[in-house]
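Engineer: How does the following fold in three dimensions:
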Amino acid sequence: MHVAIAGNIGAGKTTLTKLLAKHYKWKPHYESVDENPYLDDFYGEMERWSFNLQIYFLNSRFRQILELRKTGNDIIQDRTIYEDAHIFAPNLHGMGLMTNRDFSNYSSLFELMENLVTPPDLLIYLRADIQTLVGQIHKRGRDYENSISIDYLSRLNERYEAWITNYDKGNLLIIDVNNLDFVENQEDLGVIINKIDGEINGLF
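Structural biologist: Just a heads-up that it's a prediction; the model follows:
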């Protein structure tokens, strides 16, 4: 069983990954944010570091997927390789923060990798509006995220919605987290778990 959680910055992916891993006894795999050597530089000078950042994420995510499949464990993954290629890199390119040459190079590399990976059995998309995202980002207080603009988050949200609308890689569960507090409220977490149970039972 391979479950993955997708969603914009601040949607609650990492937190929900931890909670679901504990509940289902799945092995969690997280996005390598703290180890990423380009993040601070990227948020300080996006145009200069966008390609480096996206290549790092693509490489680490691809490596992670290959390792996950070898283990044979039931796993839950925080963010997917598809989000890098369909949302973050195209957004940087669209904003003029990644050159045509770099974006073409990046896209070609992703297409090669995509042929070698298997999509998750279930993708959970956490849908959140900008107010919710900003609140979560401020709450966790990562220094390098202080410079993220509302415009940047809005652009990402638009691309997420477009991607999810056309997602056809496998089973998809959309959860609106705007009015859910699955950290403090066990009933809210229970609502999510019940929805996931319904999806998982349908996979067998």
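
Engineer: For A6, give me the backbone phi and psi.
Structural biologist: phi -120, psi 150 (degrees, to the nearest 10).

Engineer: so who does the residue nearest the centre of the chain touch?
Structural biologist: Taking C-alpha atoms, centre = their mean, the centroid of the chain lies closest to R79, which sits 2.8 Å from it. Shown in contact with R79 (C-beta atoms under 8 Å, 6 or more residues apart in numbering): 4-7, 13, 31, 61. Where you see a C-beta, it was placed from the backbone N, CA and C, and this is true even at glycine.

Engineer: let's go with 6 Å and repeat that
Structural biologist: By C-beta atoms under 6 Å, 6 or more residues apart in numbering, R79 lies in contact with 13, 31.

Engineer: repeat for Q77
Structural biologist: Q77 neighbours (C-beta under 6 Å, 6+ apart): 4, 29.

Engineer: swap in the one 3 residues further on?
Structural biologist: With contacts defined as C-beta under 6 Å, 6+ apart, T80 is in contact with 4, 6.

Engineer: Now do it against K22, distance only.
Structural biologist: 21 Å (C-beta to C-beta, to the nearest Å).

Engineer: pLDDT weak spots in the chain?
Structural biologist: 32-34, 141-147, 203-204 (pLDDT under 70).

Engineer: mind listing the strands for it?
Structural biologist: Taking DSSP state E to define them, one finds strands in the chain at 2-7, 27-29, 75-78, 122-127, 171-176.
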